[in-house]
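# next input, structure requested:
(one chain, ligands or ions: 3)
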Amino acid sequence: MMYNTSSNRVAIVGAVLLCVALLACAQPGPTPQAIGPFLVPYPQHLQQGEVTLPVDPKQFTIATTSSSQILKINIQRYQKLFFSAGPAQQHTSAVAALTLNINVASDNEDLFLGVDESYSIVANSHELTITANTVYGAVRALETFSQLITFARPANTYSIQYTPITIKDYPRFQWRGMLVDSGRHYLPVDFILHILDTLAYAKFNVLHWHIVDAQSFPVQSSTYPDLTNGAYNPIAIYTHDQIQQVIAYGKTYGIRVVPEFDIPGHSASWGVGYPQLLASCPSYASNTNNLLLNIADQYTYTFIKNLFTEITPLFPDNYFHTGGDEVILDCWSEDPSIVAWMTQNNYSLVEAEQYFETQMSNILASLNRTKIVWNDPYINGVQLDQNTVIQVWDVSNVTQQIINNGFKAIVANAYYLDKQVPSPFNKIHYEWQDTWQDFYSYDPMYGITENGDNILGAEACMWGDQLNQVQFDVQVWPRSLAIAERFWSNEAIVNIDDALVRIEAQSCSIAKRGVNSGPLFPDFCFLPADVPSGQHPILRLTPEQVASILRK
Ligand SMILES: *[C@@H]1O[C@H](CO)[C@@H](O)[C@H](O)[C@H]1NC(C)=O
Ligand SMILES: *[C@@H]1O[C@H](CO)[C@@H](O)[C@H](O)[C@H]1NC(C)=O
Ligand SMILES: *[C@@H]1O[C@H](CO)[C@@H](O)[C@H](O)[C@H]1NC(C)=O
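Ligands and ions are numbered 1, 2, ... in the order given. A predicted model of the protein is given here:
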């Protein structure tokens, strides 16, 4: 079988010896341990046996009495994904036909924070069953079930090992997000759909779409068509239809899409088409990240209200992120019209920021949306509306203060995929991919001693300054499998050696599905020639050409 532990051990010992011989030692990683089934994220409750149940893809069906369209789409999807590891050979002995029965208590497809994602699975020789309260629980279960089906080489047969299996599972946190930044580099819509696939494989349930930033404004607007003058290119934009495609595709996986329009900082791109929106602060203009909206001009608020009135129906989720980070307040002090407005209202810079945040809360409340901001305004001393959700990039004692003050929080500080030393624990790893252990070792509740119920969950953040679709997968996976487990699984699941083998197995599985997710230790992952699917050879030599060229 593919994830043979003894050969892994041999390979690792070999690698360590080689490293000693070369006197250029990578620190040896954790030691892979034999366990199974190799599930990521690890379920809350798992009972397993020792019986291997052979599976013949030609005699395997998925059945349900549910009429949910979303469940039907997922049955189609997973009927393929269950057997995506390679073309199956016949088992040497006769194999029984199998049916996986999916029972969902409700066909309601409403998707919202806290939707029931729990499920159970029973798998033994006379029963394969998924049971869930909602279609989204069933979707999570299908992913888990796909991980129970393993492909054995060299026989090339499918089976379910470790039966009888009973799984009862549910997420630890309701909010398990990933920030994707299409403001710094435009990501094609097809690639965002691909990201949604990959997030679902790891049971993430929020795409935090940091859709615009100082560098580009790629969102089409009918109210303010010149906003896309701030896009990198007229083709580097998201039309309303494309945005709806993303939302609908995410919904098929139970992934909510939460947009972020980052203001009043990071808004230089808004000013390309509508210069009146920006404050004038010449000494900050050399760094576009530092330019701010003109908060003194009522035009700004009318503009934002009209734009959000157009945009919010596209994003049905109840939550809407308005950024609020890295506001270089002194920029406003350079603009005479803003200084005059502050004097007239007797506002300090922080009170000016507070005025802006209050207007944003009012606008979003009128559109029935809950505002999310980064923790910066809170740290500046802005009195935020009590309904505001605060996303924390700062240290954990800031999270503690925020939740003690009754705010709901989303923890992001330790999960920055763009950083080389991602966690405050400051572990230095020789091998770059080994930073998965830092993410894995940082609990979202780290440093939290009270009011933990106010933590909605956590987010991995993949900032896009140095990233586009070329290396997105490679930077995000397999490390985000570790993050996904931290967000979903029981807090007691912390063993690095155990996680390593499971993450390695799942990294190989998603690679077979077309994700550029590589290995964490020396082993063999059989990738069919047409995977990853994005790679299409331009030219191959025929045997005759090879012979003819080599003859010369
Ligand atoms: C406002 O949003 C909530 C939560 O999404 C929803 O239940 C409610 O029906 C909405 N109200 C209106 C007036 O749209
Ligand atoms: C202006 O604000 C300061 C500080 O909040 C306060 O002490 C002062 O009384 C205010 N002045 C007026 C005219 O409101
Ligand atoms: C939070 O912790 C940091 C060190 O990690 C410390 O410098 C800072 O003063 C602390 N802040 C508060 C408000 O406790």
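
# quick one: residue 123 and residue 159 touch, right?
No - between residue 123 and residue 159 there is no contact under CB atoms under 8 Å: 11.2 Å. Where C-beta positions appear, they are placed from N, C-alpha and C, glycine not excepted.

# what's the closest non-adjacent residue to the most centrally placed residue in the chain?
Taking CA atoms, centre = their mean, the centroid of the chain lies closest to residue 178, which sits 3.2 Å from it. With sequence-adjacent residues excluded and distances taken as CB to CB, 6 or more residues apart in numbering, residue 178 is closest to residue 460, at 4.7 Å.

# and that neighbour, what does it touch?
Shown in contact with residue 460 (CB atoms under 8 Å, 6 or more residues apart in numbering): 177-179, 204, 412, 415, 417, 439, 476, 480, 483.

# where does it land in three-state SS?
Classification of residue 460 using DSSP: H, G, I helix; E, B strand; the rest coil returns strand.

# for the residue nearest to the centre of the chain, give the beta-bridge partners.
For residue 178, the beta-bridge partners under DSSP bridges are residue 207, residue 460.

# so who does it touch?
By CB under 8 Å, 6+ apart, the contact set of residue 178 is 195, 199, 204, 206-208, 459-462, 476, 480.

# likewise residue 215?
Applying CB under 8 Å, 6+ apart, the residues near residue 215 are 183-184, 232, 268-269, 288.

# and residue 140, by the same measure?
By CB under 8 Å, 6+ apart, the contact set of residue 140 is 117, 119, 132, 169, 203, 254.

# could I get the full set of strands for the stretch 101-250 of the chain?
Under the criterion DSSP state E, counting those that start in this stretch, the stretch 101-250 of the chain carries strands at the ranges 119-124, 127-132, 149-152, 157-163, 165-169, 175-181, 206-210.

# in the fifth one, what counts as buried?
By 16 or more other CB atoms under 10 Å, the buried positions in strand 165-169 come out as 165-167, 169.

# hang on, the earlier thing: just the buried ones from the contacts of residue 215?
Counted by 16+ other CB under 10 Å, those give 183-184, 232, 268-269 as buried.

# what's the closest of the residues you listed to residue 385?
Proximity of the buried ones among the contacts of residue 215 to residue 385 (CB to CB) peaks at residue 183, which lies at 25.3 Å.

# so what's the residue nearest to the closest one when sequence neighbours are not counted bridging to?
Spatial nearest neighbour of residue 183, excluding adjacent residues (CB to CB, 6+ apart): residue 213 at 2.8 Å. For residue 213, the beta-bridge partners are residue 216 (DSSP bridges).

# same thing with residue 62?
Beta bridges link residue 62 to residue 100, judged by DSSP bridges.

# ok, then the element right after the lowest-mean-pLDDT helix or strand in the chain?
Ranked by mean pLDDT, DSSP states H and E, the weakest helix or strand in the chain is helix 5-22, scoring a mean of 35. On the C-terminal side of helix 5-22, the nearest following helix or strand under DSSP states H and E is strand 45-47.

# who touches that next one?
Residues outside strand 45-47 that contact it (CB under 8 Å, 6+ apart): 37, 39, 164-169.

# could you pull out the strands for the stretch 251-400 of the chain?
Along the stretch 251-400 of the chain, counting by DSSP E, counting those that start in this stretch, strands occupy 256-260, 319-321, 370-374, 389-392.

# among these, which is nearest residue 505?
With CB to CB as the criterion, residue 505 lies closest to strand 256-260 of the strands of the stretch 251-400 of the chain, at 28.1 Å.

# count of neighbours near the residue lying closest to residue 158 once chain neighbours are set aside?
Residue nearest to residue 158 in three dimensions, not counting chain neighbours: residue 55, with 4.3 Å by CB to CB, 6+ apart. Using other CB atoms under 10 Å, residue 55 has 23 other residues around it.

# got the phi/psi numbers for residue 55?
Dihedral angles phi and psi of residue 55 (degrees, to the nearest 10) take the values phi -130, psi 130.

# how much space separates it from residue 160?
6 Å (CB to CB, to the nearest Å).

# what's the overlap in contacts for the two?
Common contacts of residue 55 and residue 160 (CB under 8 Å, 6+ apart): residue 149.

# hmm, back to that, among the contacts of residue 140, find me the one that's closest to residue 488.
Using CB to CB, residue 203 comes nearest to residue 488 of those, at 5.2 Å.

# wait, what's in contact with the closest one?
Applying CB under 8 Å, 6+ apart, the residues near residue 203 are 41, 117, 140, 143, 171, 176, 484, 488.
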